[in-house]
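Novice: Just a sequence and a predicted model for now, questions to come.
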Amino acid sequence: MRILLVEDETKAGEYLRKGLIESGFIVDWMRTGPDGLHQALNEKYDLIILDVMLPALDGWQLLQQLRQTKDTLVLFLTARDDVEDRVKGLELGADDYLVKPFAFTELLARVRTLLRRVPTRESQQIVVGDLSIDVLKRRVLRGADRIELTTKEFALLYLLARRRGEVLSRSLIASQVWDMNFDSDTNVVDVAVRRLRAKLDDPYPVKLIQTVRGMGYALDSDEPAVPAP
């Protein structure tokens with residue numbers, strides 16, 4: 001699932017981004033209020049983790065402007081611990097409020113609880129042919145068979161499944177799953193796809209992961225893949 005982190009402190013941002021990625025989330029990190037607002041308004045996220053004290057546009061103002069057009073889940077993460085601040089954040093439309101310093105395990109629990117709160121939210125379950133992905137439980141079935149995946153294998157599968165039928169380039173996959181700039185000499189994507197295929201496709205007659213030569217990879221059961229925009 002995709003999270004927008006808006007945090008201006010470098011150390012805190014790096015810590016949160018790393019922990020969330022290792023927990024299986026796709027994370028975009030913005031360091032200023034205007035950049036965070038632009039990203040929140042122009043991209044689709046399952047959750048926004050938002051600091052209050054931000055350069056140029058604070059978290060209160062960002063949330064007020066966001067709520068004019070979007071109902072994305074928002075978790076305030078801030079050192080402002082007065083009761084009045086907590087009440088203000090919730091009244092402005094935040095879904096939760098966590099005070100710094102915090103334990104990452106508590107943050108992760110709150111994130112997962114928020115994402116379970118709205119059952120109609122996008123992509124909680126994805127079905128492609130006989131493949132079924134339960135996103136919140138992180139459970140993958142091929143027919144009646146349970147497929148055990150590593151965190152990165154699940155993130156790769158989720159990206160391909162969420163954009164079913166699109167050809168995703170190696171550079172796009174590398175940036176979304178590993179949060180790295182693609183190096184043409186790096187075969188990390190190809191190796192990961194081979195490992196995923198060994199679990200997901202090799203034991204079954206119908207192959208779901210397609211290779212489009214010179215372009216990238218796609219996941220689909222029967223429809224022809226098309227290049228991603």
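Specialist: Arrived safely. Residues are numbered from 1 along each chain as shown.
Novice: and the most far-flung residue of the chain relative to its centre, how far is that from D95?
Specialist: Using C-alpha atoms, centre = their mean, the residue of the chain lying farthest from its centre is E84. It sits 31.2 Å away. Look at E84 and D95: by C-beta to C-beta, to the nearest Å, they are 19 Å apart. Any C-beta I mention is one placed from the backbone N, CA and C, and that applies to glycine too.
Novice: so the residue farthest from the centre of the chain is in which element?
Specialist: If you go by DSSP states H and E, E84 is part of helix 83-92.
Novice: Which secondary structure elements does whichever helix or strand comes after that helix sit against?
Specialist: As assigned by DSSP H and E, the chain's next helix or strand after helix 83-92 is strand 96-99. Counting contacts by 3 or more C-beta pairs under 8 Å, 6 or more residues apart in numbering; DSSP states H and E, strand 96-99 is packed against strand 73-78, helix 83-92, helix 104-117.
Novice: what's in contact with strand 96-99?
Specialist: Outside of strand 96-99, the residues within contact range by C-beta atoms under 8 Å, 6 or more residues apart in numbering are 74-81, 86, 89-90, 106-107, 110, 114.
Novice: Most neighbours among those residues, which one is it?
Specialist: Most neighbours among those, by other C-beta atoms under 10 Å: V74, with 27 neighbours.
Novice: That residue and V111 touch, don't they?
Specialist: No. If you go by C-beta atoms under 8 Å, V74 and V111 don't touch, sitting 11.5 Å apart.
Novice: Quickly list the domain ranges of this protein.
Specialist: 2-117, 125-227 (automatic domain parsing).
Novice: Including mean pLDDT, could these go into a markdown table?
Specialist: Below are the domains of the chain laid out as a markdown table (pLDDT from 0 to 100):
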| stretch | mean pLDDT |
| --- | --- |
| domain 2-117 | 89 |
| domain 125-227 | 84 |
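Novice: who does the helix or strand harbouring A218 touch, helix- and strand-wise?
Specialist: Per DSSP H and E: A218 is located in strand 216-219. Using 3+ C-beta pairs under 8 Å, 6+ apart as the contact test, the elements touching strand 216-219 are helix 151-162, strand 166-167, helix 170-173, strand 209-212.
Novice: Could you identify which of the ones you listed is most buried?
Specialist: Most buried of the helices and strands packed on strand 216-219, by mean neighbour count (mean count of other C-beta atoms under 10 Å): helix 151-162, with a mean of 21.
Novice: For that one, what is the distance to the chain centroid?
Specialist: Chain-centre distance of helix 151-162: 10 Å, with C-alpha atoms, centre = their mean, to the nearest Å.
Novice: Need the residues that contact it.
Specialist: In this structure, residues lying in contact with helix 151-162 by C-beta under 8 Å, 6+ apart are 1, 22-24, 26, 123, 126, 128, 131, 133, 135, 138, 140, 149, 168, 173, 176-178, 192-193, 195-196, 199-200, 209, 217-219.
Novice: Which members of these are positioned in helices?
Specialist: Taking DSSP state H, the ones among these that sit in helices are 22, 173, 192-193, 195-196, 199-200.
Novice: Ramachandran angles for K207?
Specialist: phi -90, psi 130 (degrees, to the nearest 10).
Novice: Show me what the helix or strand where D35 lies is packed up against.
Specialist: Here D35, judged by DSSP H and E, is contained in helix 33-42. Helix 33-42 is packed against strand 2-6, strand 26-30, strand 47-50, helix 59-66, with contacts defined by 3+ C-beta pairs under 8 Å, 6+ apart.
Novice: Give the other helices and strands that the last one contacts.
Specialist: Under the contact definition 3+ C-beta pairs under 8 Å, 6+ apart, helix 59-66 sits against helix 33-42, strand 47-50, strand 73-78, helix 83-92.
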